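1. 3D model of this:
(chains A and B)
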Amino acid sequence: MDINEAQLISRCQQGDQEALKEIFNQYHQKLYRIAYGVVRHREEALDIVQEVFIKLFRSIHQFKGKSRFYTYLYRMTMNTAIDHTRKMKKVPPLSMDEEEGFQLSDDADKRPDRILDHKELEAKVKWSMDQLSPDQKAVLIFREVEGLSYQEIAEATGCSIGTVMSRLHYGRKKVQELLKDYVERGK
Amino acid sequence: MKKECSSISELLDKYFDQEVTPEERSLVEDHLPSCPACRSALLSMGNLRNLIKSPVEEAVERENFPWVWEKIERGIQQEDKPGLWESLWSWLDMISLRKKKILIPAVAAVVILILITAPLLYEKMSSSPVLSVVEYVESDTYNVMIYEREAPQVTVIWLFEGPEEEPLTS
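-> All right, here's what the predicted structure looks like:
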């Protein structure tokens, strides 16, 4: 942890909202990436980011610097996102039209058939990720989306590097099997 | 898949994630040119990463975050206004008491106080005389009233001779 970050954390621990804003500016995209990776839905991912920063402001006094600050934040985000998906399982799913998880930016991609293809693919990816255990899902997202090293993932999930490798291997294998057509098509 | 694939396949995830040692890297890279199965496995990992990651990156690019910060600020301000239960809880400040390890001695002190005072209170309560009228007899000459109390066993007899007379007790 560099001095600036330590000072920011210390200020935040004293209730300084400006310090929290600086932490937000540094980390919001990374946390959004993790949250989106789990829920694959824009509004839900934004709600999770919001919840994480409010939680952080309330609980940052508990951060003693034993782990790196970003792994502490990543863990908090992952736990919040996984709790969120558990709650959402109890709510009936949205219809295809209401889901806005995947939007297309390129005009060529806005053709109805392409939109349907993308939506189908995204729905299939989300479904296959949801078949993983929360632990496997966490490890897979930390690695594939955020590009964390095994050591960083171990720190963020509180387990050994061996466990990280095992979860990653079996998680990949399972999702590859479920998305076989798409994985093969990309070759 | 070749025979040596079983040992190399254990390294494929690490190789793909760039977590191998230089020796492990050489092992994998020596093996790959002659093994289509392992090359295919590596390609699958790359495709899977792309399937998982690309939509996330596109979603991040599309997003406008400043309004999220405004929502966070509003959320913190709302939480700053405590409800009735939270006010009561913070007044009791049970958590900080627990943290300061004051709660256990405090509870112990209260228990000891109760243990000491309860017998005294009980004794005092039971020692207060409870009199009850057992009998009241009226006649032309005397009116008699008999009281009794349980412990210690005392009987009080009031003998009314006239309006000016004091009662006699025994």
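2. can you classify the residue of chain B found nearest chain A by secondary structure?
-> Distances between chain B and chain A by Cβ to the nearest Cβ are smallest at B:Asn47, namely 3.6 Å. (C-beta placed from N, C-alpha, C; glycine too.) When states are read from DSSP: H, G, I helix; E, B strand; the rest coil, the local structure at B:Asn47 comes out as helix.
3. just give me the residue closest to the centre of chain A.
-> Per Cα atoms, centre = their mean, the C-alpha nearest to the average position across chain A is that of A:Ile34, at 1.8 Å.
4. so how far is B:Gln18 from it?
-> Distance of A:Ile34 to B:Gln18, given as Cβ to Cβ, to the nearest Å: 20 Å.
5. same check on B:Phe160?
-> From B:Phe160 over to B:Gln18 the distance is 112 Å, taken as Cβ to Cβ.
6. would you mind telling me which of the two has the busier surroundings?
-> Under the neighbour definition other Cβ atoms under 10 Å in any protein chain shown, B:Phe160 and B:Gln18 were set side by side, and B:Phe160 has more, 14 against 9.
7. for the residue nearest to the more buried one when sequence neighbours are not counted, give me phi and psi.
-> Here the nearest residue to B:Phe160 in space, its sequence neighbours aside, is B:Asn143; by Cβ to Cβ, 6 or more residues apart in numbering or on different chains that works out to 3.9 Å. Recorded main-chain torsions at B:Asn143 are phi -110, psi 130, according to degrees, to the nearest 10.
8. quick check: beta-bridge partners of B:Asn143?
-> Per DSSP bridges, residues listed as beta-bridge partners of B:Asn143: B:Glu138, B:Phe160.
9. tell me the pLDDT at it?
-> In this model, B:Asn143 is scored at 78, pLDDT.
10. what's the burial count for it?
-> Using other Cβ under 10 Å, the number of residues around B:Asn143 comes to 15.
11. assess the claim that it and B:Glu135 are in contact.
-> No - contact between B:Asn143 and B:Glu135 fails when scored by Cβ atoms under 8 Å: they sit 11.4 Å apart.
12. before we move on, back to that, surely the residue of chain B closest to chain A is in contact with A:Val183?
-> Yes - using Cβ under 8 Å, B:Asn47 and A:Val183 qualify as a contacting pair, with a distance of 4.8 Å.
13. check whether the biggest helix by length in chain A contacts chain B.
-> When chain A is scanned for its longest helix (criterion: DSSP state H), the result is helix A:17-39. Yes - counting by Cβ under 8 Å from any Cβ of the partner chain, chain B has neighbours in helix A:17-39: A:Gln17, A:Leu20, A:Lys21, A:Phe24, A:His28, A:Gln29, A:Tyr32, A:Arg33, A:Tyr36, A:Gly37.
14. surely the second one and A:Phe57 touch.
-> The one in question is A:Leu20. Yes - using Cβ under 8 Å, A:Leu20 and A:Phe57 qualify as a contacting pair, with a distance of 5.3 Å.
15. between these two, which contacts overlap?
-> Here A:Leu20 and A:Phe57 have A:Cys12, B:Ile76 as joint contacts, going by Cβ atoms under 8 Å, 6 or more residues apart in numbering or on different chains.
16. and B:Trp69, how close does it get to A:Leu20?
-> Between B:Trp69 and A:Leu20 the computed distance is 9 Å (Cβ to Cβ).
17. got the buried residues for the helix or strand hosting B:Ile52?
-> Using DSSP states H and E, B:Ile52 maps to helix B:36-62. Along helix B:36-62, the positions that meet the burial threshold by neighbour count (16 or more other Cβ atoms under 10 Å in any protein chain shown) are B:38, B:41-42, B:44-45, B:47-49, B:51-53, B:55-56, B:58-60.
18. check which element follows that helix along the chain.
-> Of the helices and strands lying after helix B:36-62 in sequence (DSSP H and E), the nearest is helix B:66-80.
19. which bits of chain B sit near chain A?
-> Proximity of chain B to chain A is assessed by Cβ under 8 Å from any Cβ, with B:13-14, B:17, B:19, B:40, B:43-53, B:55-63, B:65, B:68-69, B:71-73, B:75-76, B:79 identified as the residues in range.
20. centre of the chain versus stretch B:6-16, how much separation?
-> Its chain's C-alpha centre and that of stretch B:6-16 lie 47 Å apart, by Cα atoms, centre = their mean, to the nearest Å.
21. pretty sure B:Thr141 sits in a strand.
-> No - counting by three-state DSSP, B:Thr141 falls outside a strand, being coil.
22. for it, grab phi and psi.
-> Dihedral angles for B:Thr141 - degrees, to the nearest 10 - are phi -90, psi -50.
23. need the contact list for B:Ile112.
-> The neighbourhood of B:Ile112, defined by Cβ under 8 Å, 6+ apart, contains no residues.
24. can the helix or strand hosting A:Glu184 be said to contact chain B?
-> When secondary structure is defined by DSSP H and E, A:Glu184 falls within helix A:180-185. Yes - residues of helix A:180-185 contacting chain B under Cβ under 8 Å from any Cβ: A:Tyr182, A:Val183, A:Glu184.
25. who wins for neighbours among these?
-> These, ranked by neighbours (other Cβ under 10 Å): first place A:Val183, 20 neighbours.
26. double-check it against A:Arg172; I have them as touching.
-> No - counting by Cβ under 8 Å, A:Arg172 is not a contact partner of A:Val183; they are 10.1 Å apart.
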